[in-house]
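Trainee: model this:
(4 chains)
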Number of protein chains: 2
Amino acid sequence: MMKKNTPATLSDVAELAGVSKAVASRALSGKNRPISADKKARVCQAAELLGYVANPFAQSLANQETGLVAIVINHISNVSDLTLFDSLIQGIQSIGKQALFVRLKSLQDIDQLQKNAFIQRVDAALVLSDLIEPQLAESLFYTHNVIMLNGKSQDRGYSVKVNEALGIKDAIAYAQRIGIKRAVLIAGRQSSVNEEQRVEHYLTHLAQANIKLESSVFCDYSYDEALAYLTAANIDMSDELGIFCTSDSMAMAAVDYCQANGVTKYSSHIFGFDNTEFSRRGCYQFSTIGFDKHDFVQSIITLVKQAQSNDLSVANEHNEKRLPTKESHLIIDTQFYLNTP
Amino acid sequence: MMKKNTPATLSDVAELAGVSKAVASRALSGKNRPISADKKARVCQAAELLGYVANPFAQSLANQETGLVAIVINHISNVSDLTLFDSLIQGIQSIGKQALFVRLKSLQDIDQLQKNAFIQRVDAALVLSDLIEPQLAESLFYTHNVIMLNGKSQDRGYSVKVNEALGIKDAIAYAQRIGIKRAVLIAGRQSSVNEEQRVEHYLTHLAQANIKLESSVFCDYSYDEALAYLTAANIDMSDELGIFCTSDSMAMAAVDYCQANGVTKYSSHIFGFDNTEFSRRGCYQFSTIGFDKHDFVQSIITLVKQAQSNDLSVANEHNEKRLPTKESHLIIDTQFYLNTP
DNA sequence: CTGAAAGCGCTAACAT
DNA sequence: ATGTTAGCGCTTTCAG
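Mentor: Below is the predicted model of the structure:
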């Protein structure tokens, strides 16, 4: 693989078009900078000819925008992450920016984050990891376009939250309707705020539906831990028991547990979370709670754009004081997906 | 969320340490530039105090390294992608670089790629997408550190390939041993070179094992397409039939197809590919072919480092001619994972 | 070993 | 509307 000769620069384009660098820059800037039509045409043609693409590093240096959007995640493991990441990358690319993935396995990785100069200078940051508190987010990025997606937020700033109450309520209402009287709750990571709220909702609605919570446990959303718990606890299945899981992976474990123990009519008694494809497969049939990932991502991308334009207008006003950004808190509703054969 | 005051610059550090910018730069450069011990200490201390982190955009401009590694993928959909991406990101971060994800859904997205200035200037590119030919890769990046991971490669350059012959051979040998006489092959995307080679291996070894290939089809690796095919073709299961799938998702479809048709003893007759966790779950039990993702990623990261140091040494020699890079083609072997209850 | 100065490629005043 | 100029923050000659 040969390295190409060094890429064409703006100077090359300007020279070929017979104009100054400034004119060339304006012609190609996208925005409506003052420039005569014919020169603009000449410049564009020259750029085309040379295969010119502006060096984003030089651009960043000159105009304070980087074109990078950070996606800060815990390590990837959940099956529901697949579709989410796919559309997140797509969304970010659709507004002409690049997706920079930052993976946080533990609190110790945060030290590294703080020294990561790229991260510091992204145009926006999407925080999915529950390891990051709003306060920390504030000090981690030089941009104020931080969008909290992990269920946390402060008064000022941006967040997209998922309203899980709706889906949970419907799921439990359904459970009540089919005669479920007792419940087991298999939750995810205890340290997550999302998860705390979720559990809260389950408790509330379970109580309202007169379903007795027999036991509950925090796992890490994983199949293995959930299966281990069910096996160890030797959960007694009967027609009246419902198993509520806060991830589809754990619901799969519940299905396997039932099958292993010869319980046949389990499908309508197991409730997952995330609405992954697995909830509707031949083997694994269970109901699940989820939300539209596409809507979610769209909201996020819209927010990124909006945040950035706020940013620019503030900058244009030559406002010396660093204003806190406008705030915006979007909410996406979950719904209950009934999947029984 | 308040934007911080503008980040500390090298000048700030130099001033605080009472030295020139040049000295400060050298002190912090990591490499062994000539500098007195006490000044070095003073500079480091000042940097620490100010929380200084070099601006990577300015650095890139000055020294031609960007610290970015592109991961060029097709859209994410396969369950086997989860663990792979997770360790890929981790690996890239472990050598102090950032992972830039580029998602290619179709050939049309490639146009955009060619105009993507970030992509052009990454330090290395990991190409997983089968949409990208070696020749195209050559013209897409200014670096020659392009590592082909999609089964394609040319003489010069880097690649890590997976030797799938071994696992496939063992799987078919096992099939023969348990009395399988007929086979159905459900393959993935036809346009993929990886996939072509794979099919080739299946054909060869099936023939050698005297197993008759009754039908074969190209799907897109997905559960849905595979299930649709099986249903439409109304495949006749019997003890002597083996179903070979080139993804675990499609193998899951085969399991569900069998169950739906009342076939009970299917587990040892279905063969997947990727060795995902799903092949060993209560519901879905089937054998699968796969390779160690961790080894794979390690090889890739090692190659990235090696490629870069070649790069640097070439640069240091002030070699005016653009040398083709050294070449390196690593091979990872697959193995057969027998999963039967 | 050190510092002054040039320059990476671009944009944004500021004059014209 | 256009060109000139001055940086953005850093690394790197090149003289001391």
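Trainee: only C-alpha atoms for contact and neighbour calcs from this point on.
Mentor: Fine.
Trainee: Can you tell me the SS state at the residue nearest to A:Asp295 when sequence neighbours are not counted?
Mentor: Of all residues not flanking A:Asp295 in the chain, A:Ile332 sits nearest, at 7.8 Å (Cα to Cα, 6 or more residues apart in numbering or on different chains). When classified by DSSP: H, G, I helix; E, B strand; the rest coil, A:Ile332 comes out as strand.
Trainee: contacting residues for A:Ile332?
Mentor: Residues near A:Ile332 by Cα atoms under 8 Å, 6 or more residues apart in numbering or on different chains: A:Val160, A:Lys161, A:Val162, A:Asn163, A:Phe291, A:Asp295, A:Phe296.
Trainee: now do A:Val255
Mentor: A:Tyr266, A:Ser267, A:Ile270, A:Tyr284, B:Cys283.
Trainee: For the second one, give its distance to A:Asn78.
Mentor: When Cα to Cα, to the nearest Å is the yardstick, A:Ser267 and A:Asn78 sit 22 Å from each other.
Trainee: that older thread, just among the contacts of A:Val255, which is most surrounded?
Mentor: For the contacts of A:Val255, the largest neighbour count, defined by other Cα atoms under 10 Å in any protein chain shown, is 27 neighbours, found at A:Ile270.
Trainee: Now that that residue has come up, it's in contact with A:Ser287, right?
Mentor: Yes. With contacts counted by Cα atoms under 8 Å, A:Ile270 reaches A:Ser287, the gap being 6.5 Å.
Trainee: And the average pLDDT for stretch A:178-198 is what?
Mentor: In this model, stretch A:178-198 has an average pLDDT of 91.
Trainee: Same question for it: list its buried residues.
Mentor: By 16 or more other Cα atoms under 10 Å in any protein chain shown, the buried positions in stretch A:178-198 come out as A:180-189, A:192-196, A:198.
Trainee: now the helices for the stretch 201-341 of chain A?
Mentor: A:223-233, A:248-260, A:293-316 (DSSP state H, counting those that start in this stretch).
Trainee: circling back to that earlier point, widest-spaced pair of the contacts of A:Val255?
Mentor: A:Ile270 and B:Cys283 (14.8 Å; Cα to Cα).
Trainee: Give me the distance from stretch A:168-186 to the chain's centre.
Mentor: Centre-to-centre, stretch A:168-186 and its host chain are 28 Å apart (Cα atoms, centre = their mean, to the nearest Å).
Trainee: So which residues on the stretch 51-200 of chain A come close to DNA strand C?
Mentor: A:Val53, A:Ala54, A:Asn55, A:Pro56, A:Ala58, A:Gln59, A:Leu61, A:Ala62, A:Asn63 (Cα under 7 Å from any atom of the strand).
Trainee: Next, the contact list for the fifth one, please.
Mentor: The one in question is A:Ala58. Counting by Cα under 8 Å, 6+ apart, the residues that A:Ala58 touches are B:Phe57, B:Ala58, B:Leu61.
Trainee: In strands only, show me those residues.
Mentor: Among these, DSSP state E puts none in strands.
Trainee: of all the residues you listed, which comes closest to A:Met252?
Mentor: Nearest member of these to A:Met252, counting by Cα to Cα, is B:Phe57, at 46.2 Å.
Trainee: Pairing-wise in the sheet, spell out the partners of the residue lying closest to A:Ser328 once chain neighbours are set aside.
Mentor: Distance criterion Cα to Cα, 6+ apart; nearest residue to A:Ser328, sequence neighbours excluded, is A:Tyr158 at 4.9 Å. For A:Tyr158, the beta-bridge partners are A:Ile147, A:Ser328 (DSSP bridges).
Trainee: wait, what's in contact with A:Tyr158?
Mentor: A:Asn145, A:Val146, A:Ile147, A:Met148, A:Leu303, A:Glu327, A:Ser328, A:His329.
Trainee: Check pLDDT for those residues and point me to the minimum.
Mentor: Out of these, that is A:Glu327, at 83.
Trainee: Just give the nearest non-adjacent residue to that residue, would you?
Mentor: Closest to A:Glu327 by Cα to Cα, 6+ apart is A:Gly157, at 4.4 Å.
Trainee: A:Tyr221 now?
Mentor: A:Tyr221 sits nearest to A:Gly188 (Cα to Cα, 6+ apart), 4.6 Å away.
Trainee: close enough to count as contact, that neighbour and A:Asp248?
Mentor: No. With contacts counted by Cα under 8 Å, A:Gly188 stays clear of A:Asp248, the gap being 11.0 Å.
Trainee: before we move on, back to that, between the residues of the stretch 51-200 of chain A next to DNA strand C, which is nearest A:Ala253?
Mentor: Closest to A:Ala253, out of all of those and judged by Cα to Cα, is A:Pro56, at 47.5 Å.
Trainee: Go ahead and confirm that closest one touches A:Thr66.
Mentor: Yes. Between A:Pro56 and A:Thr66 there is a contact at 7.2 Å, judged by Cα under 8 Å.
Trainee: ok, so what distance separates A:Cys283 from B:Ala137?
Mentor: 42 Å.
Trainee: part of a helix, is A:Arg156?
Mentor: No. Checked against three-state DSSP, A:Arg156 lies outside a helix; its state is coil.
Trainee: And for it, nearest residue in space, chain neighbours not counted?
Mentor: Closest to A:Arg156 by Cα to Cα, 6+ apart is A:Glu327, at 5.1 Å.
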